[in-house]
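Output the structure for:
(one chain, ligands or ions: 2)
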Amino acid sequence: MDNPKPHSALSEIHGVHQPEAISPQAMAHIALRRKQPTADELVSAILKGDKTALSRAITLIESTNPTHSQKAADVIAQCLPHANRSVRIGITGVPGVGKSTFIEAFGKYLTGLGKKVAVLAVDPSSSLSHGSILGDKTRMEELVKDENAYIRPSASGEALGGVARKSREAIILCEACGFDTIIIETVGVGQSETAVHSMADFFLLLQIAGAGDELQGIKRGIMEMADLVVINKADGDNIKRARLAKTEYNRALHLFPVKVSGWQPKVATCSALEKEGIAEVWQEISSYFEAVTANGFFDAKRHEQNAYWLTETINSQLLERFYSNPDMASLLEQTKNAVQNSELSPFAAAQVLLGQYFK
Ligand SMILES: Nc1nc2c(ncn2[C@@H]2O[C@H](COP(=O)(O)OP(=O)(O)O)[C@@H](O)[C@H]2O)c(=O)[nH]1
Ligand SMILES: [Mg+2]
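Ligands and ions are numbered 1, 2, ... in the order given. Okay, the predicted model is just below:
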């Protein structure tokens, strides 16, 4: 009898061949995969510029498997002394504005200058909005093939805080791998720009002309963060409108208070599709880096970002540990009932729970 449980939903009709639970091929793969490189092996490969090792290490960082977190931390710690030598450029804009097309043209331009370009995405809602780099219709085919470029779509289906922290760690690994220009892409509709702001040196806002005065759903706060507004799709019939938009944006940007960086945000037009205006964009970005390196803002901002990430990581770890603690979970459940029935005030209850946790 090869079918011990004929009534089980898991069983096929009697007499029909049942495949093995795991195929021999799959077993071979699993055996192969089990031979994971050690943290030291990963690090030495990354430092040699090995993109496969880089991808593996980023996957390790993104893993939610607790057994991976120590190894990931180890890799990051060893890469950290080799990081930092880069420029980090955040690029945001609503879906359809041309981010992927722009990054493709811009990235190719930069590798043409001899730079090594890594593209990362911070997009917590990628699975919903289809905003993830490799998920959308413009797939950066040229850049993907470029020896001196590395493209990594965002980890999806996670809370922004987690995605942002992992992106920040991925930046460190990319830098250790020899990438000197890091592009961090995000969809300009949510909170993710703030996260990008906390890890980028320069903030580029991509816009298009002719979508009305409402600034295309971009919040004022995001405009205020921009170091450069680039009006894309300045081609064909659109050139005139793009120039007009440039004047308008320039006026709008001048209304904002002077930035701590001392940099007056600029507006440029370009056509990512026709690869026009790309060199001018880089020119503006280079001037920015010259200015903020000279006045000390570059280092000051990175130091401030480090402090931000320390606090941010403590905050998220505290929350995670508190809520994932089984004792706390049951105590919280009991206390919730008492609070709901007005037997206990929410504040008193919180004091009890926190007191218990930090005992
Ligand atoms: N005419 C024109 N179309 C562009 C330009 N840049 C992007 N597009 C088109 O706009 C659409 C959205 O571009 P995509 O790069 O996928 O935008 P994303 O969603 O911001 O990444 C695509 O059909 C592109 O071909 C441009 O400079 N000029
Ligand atoms: Mg895109």
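
and the longest helix for the protein?
In the chain, taking DSSP state H as the definition, the longest helix is helix 297-324.

what about residue 284, neighbour count?
By other Cβ atoms under 10 Å, the residues close to residue 284 number 17. Bear in mind the C-beta positions are built from the backbone N, C-alpha and C, glycine included.

Which residues are in contact with it?
Contact analysis of residue 284 by Cβ atoms under 8 Å, 6 or more residues apart in numbering lists 228, 266, 268.

any chance of these in a markdown table, plus secondary structure, neighbour count and pLDDT?
Shown next, in a markdown table, are the contacts of residue 284 (DSSP: H, G, I helix; E, B strand; the rest coil; neighbours: other Cβ atoms under 10 Å; pLDDT from 0 to 100):
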| residue | secondary structure | neighbour count | pLDDT |
| --- | --- | --- | --- |
| 228 | strand | 22 | 97 |
| 266 | strand | 21 | 95 |
| 268 | strand | 21 | 97 |
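
Just give me the closest of those residues to ligand 1.
residue 268 (12.6 Å; Cβ to the nearest ligand atom).

who does the closest one bridge with?
Beta-bridge partners for residue 268, by DSSP bridges, are residue 230.

Please point out which parts of the longest helix of the chain sit buried.
The neighbour-count check on helix 297-324 (16 or more other Cβ atoms under 10 Å) flags 297, 298, 301, 305, 309, 312 as buried.

And the next helix or strand past it?
Where DSSP states H and E defines the elements, the next helix or strand beyond helix 297-324 is helix 326-340.

ok now that next one, how far from the chain's centre?
Between the centre of helix 326-340 and the centre of its chain there are 35 Å (Cα atoms, centre = their mean, to the nearest Å).

neighbouring contacts of it?
For helix 326-340, the external contacting residues (Cβ under 8 Å, 6+ apart) are 322, 323, 344, 345, 346, 349, 352, 353, 356, 357.

again, 6 Å this time
With Cβ atoms under 6 Å, 6 or more residues apart in numbering as the test, helix 326-340 has contacts from 322, 344, 346, 349, 357.

which residues in the stretch 1-150 of the chain form strands?
All strands of the stretch 1-150 of the chain, identified by DSSP state E, counting those that start in this stretch, fall at 87-93, 117-121, 149-152.

partners of the first one, with directions?
What it means is strand 87-93. Strands flanking strand 87-93 in the sheet, each with its direction: strand 181-187 (parallel), strand 202-208 (parallel) (DSSP bridges).

So which of those is the most surrounded?
Mean neighbour count (mean count of other Cβ atoms under 10 Å) peaks for strand 181-187 among the strands paired with strand 87-93, with a mean of 27.

Quick one: mean pLDDT for it?
Averaging pLDDT along strand 181-187 gives 89.

and that strand, C-alpha only, in PDB?
As requested, C-alpha coordinates have been extracted for strand 181-187 and formatted as PDB (Å, rounded to 0.1, in the frame of the first residue of the first chain):
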ATOM      1  CA  THR A 181      28.400  56.900  -6.300                       C
ATOM      2  CA  ILE A 182      25.300  55.600  -4.500                       C
ATOM      3  CA  ILE A 183      21.900  56.400  -5.900                       C
ATOM      4  CA  ILE A 184      18.900  55.800  -3.500                       C
ATOM      5  CA  GLU A 185      15.600  55.800  -5.300                       C
ATOM      6  CA  THR A 186      12.200  56.300  -3.700                       C
ATOM      7  CA  VAL A 187       8.700  57.000  -4.800                       C
END
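
Tell me, how many residues neighbour the residue in the chain positioned nearest to ligand 2?
Using Cβ to the ion, residue 100 is the residue of the chain that sits closest to ligand 2, at 3.3 Å. When neighbours are counted by other Cβ under 10 Å, residue 100 registers 23.

Roughly how far does the residue positioned nearest the centre of the chain sit from residue 276?
The centre of the chain sits closest to residue 122, judged by Cα atoms, centre = their mean, with a distance of 2.4 Å. To residue 276, residue 122 is 28 Å away according to Cβ to Cβ, to the nearest Å.

try residue 316
Taken as Cβ to Cβ, the span from residue 316 to residue 276 is 43 Å.

Please apply the same query to residue 330.
For residue 330, the distance to residue 276 equals 63 Å [Cβ to Cβ].

more neighbours, these two?
More crowded of residue 330 and residue 276, by other Cβ under 10 Å: residue 276, with 15 against 10.

shouldn't the residue nearest to the centre of the chain be in contact with residue 187?
No. Using Cβ atoms under 6 Å as the test, residue 122 is too far from residue 187 to be in contact (8.9 Å).

what about the residue nearest to residue 201 when sequence neighbours are not counted, how many residues close to it?
Sequence neighbours aside, residue 88 is the residue nearest to residue 201 in space, at 4.8 Å (criterion: Cβ to Cβ, 6 or more residues apart in numbering). Per other Cβ under 10 Å, the neighbour tally for residue 88 reads 23.

and residue 88, what does it touch?
By Cβ under 6 Å, 6+ apart, residue 88 lies in contact with 182, 200, 201.

and it, what pLDDT?
Confidence at residue 88, expressed as pLDDT, is 97.
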